[in-house]
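J.: have a look at this prediction, sequence included:
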Amino acid sequence: MSEAGAKKRAGAGPDGPVLEAVGLSRSFGPIEVLSDVSVSVRAGEVHAIIGENGAGKSTLMKILAGHLAPTRGAIKLDGSPVELKGPVDAERRGVVLVHQEIMLAPDLSIAENMFLGREMRKQGILGAVFRQLDKKRMRQQAAEQMHNLGIRVQSIRQAIETLSGGQRQAVAVARAAAWGRKVVILDEPTAALGVRETHQVLDLIRRVSEHGLFVVLISHSMPEVFAIADRIHIHRLGRRAAIVSPKTTVMSDVVAVMTGALPSDAVVSAVLAPAGAPDF
């Protein structure tokens, strides 16, 4: 899908980001774990957020997905300020989080997991009165979603427990892509996978982006980030240190900024948005 097509499907404005956070801060009691962080997700891009353990990535991710409310700051969707009242509200607005721990029901089928909590009922009296599920329609739509994203399985009726780790992650991503009309946030999607399955999931992430969704990727793996990200948000000690392009920044410099061995202005020629600057 072209960039224009991606914007049309996701509802983004012609120039602005589909998801934007401005000046986010979050405190737990007297401890501020997130301080004045801004981030934006542009049309047709994979936006990676990296940082050491304890840097505040998870807090930022949970705020963007409605799991936490910011102490200060604002979130905008399609340029309009929104108050996310919880993950269900975020999903209703088209922002879906895929957790590192794959949250699927192992004894249910792929199709049943795709529609878990969003089951379709048969039309007419069978659905309205007798509450019968339209399993055929759910299987058809689940199969179409898997096919569109190039995910291969033996049968849409397979139980999740029969799938490999990579296939399970693919189903989780496909489910998020089906219901996240705007942004899919992926938390360490390859953490428990082998080399072959990791490549499959990375290919899937790129296909999700090409299908008109906007992807935020949280990862510790620098090779994976450099292989797939369009921009890299470097997070350090609760703040955004810089936003860089993997095309113009070497991996060692990114790691050095992330760990504090280098200040962000040491890679100023490659920095798109240093700390404190707007995230253009």
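T.: That came in fine, so what should we check first? Numbers count the residues shown, from 1 in each chain.
J.: for residue 44, helix, strand, or coil?
T.: Here residue 44 is recorded as coil under DSSP: H, G, I helix; E, B strand; the rest coil.
J.: now residue 68
T.: Residue 68 - assigned by three-state DSSP - is coil.
J.: surely residue 107 touches residue 116?
T.: No. The criterion here is CB atoms under 8 Å, and residue 107 misses it with residue 116 at 11.7 Å. Quick note: C-beta positions are derived from backbone N, CA and C, even for glycine.
J.: looking at the two, which is more packed in?
T.: residue 116 (13 against 9; other CB atoms under 10 Å).
J.: can you tell me the closest non-neighbouring residue to that one?
T.: Excluding the flanking residues, the one nearest residue 116 by CB to CB, 6 or more residues apart in numbering is residue 105, at 6.3 Å.
J.: verify the contact between that neighbour and residue 115 for me.
T.: No. Assessed by CB under 8 Å, residue 105 is found out of contact with residue 115, at 11.2 Å.
J.: now residue 138. Nearest residue, chain neighbours left out?
T.: Nearest to residue 138 is residue 115, by CB to CB, 6+ apart, at 4.8 Å.
J.: pLDDT score assigned to the one you found?
T.: pLDDT, residue 115: 93.
J.: got the contact list for it?
T.: 138, 141-142 (CB atoms under 8 Å, 6 or more residues apart in numbering).
J.: quick one: residue 48 is in a strand?
T.: Yes. Assigned with three-state DSSP, residue 48 falls within a strand.
J.: could you list the domains of the chain?
T.: Following automatic domain parsing, one finds the domains of the chain at 3-106+165-274, 108-158.
J.: most packed of those domains?
T.: Among those, domain 3-106+165-274 has the highest mean neighbour count (mean count of other CB atoms under 10 Å), at a mean of 19.
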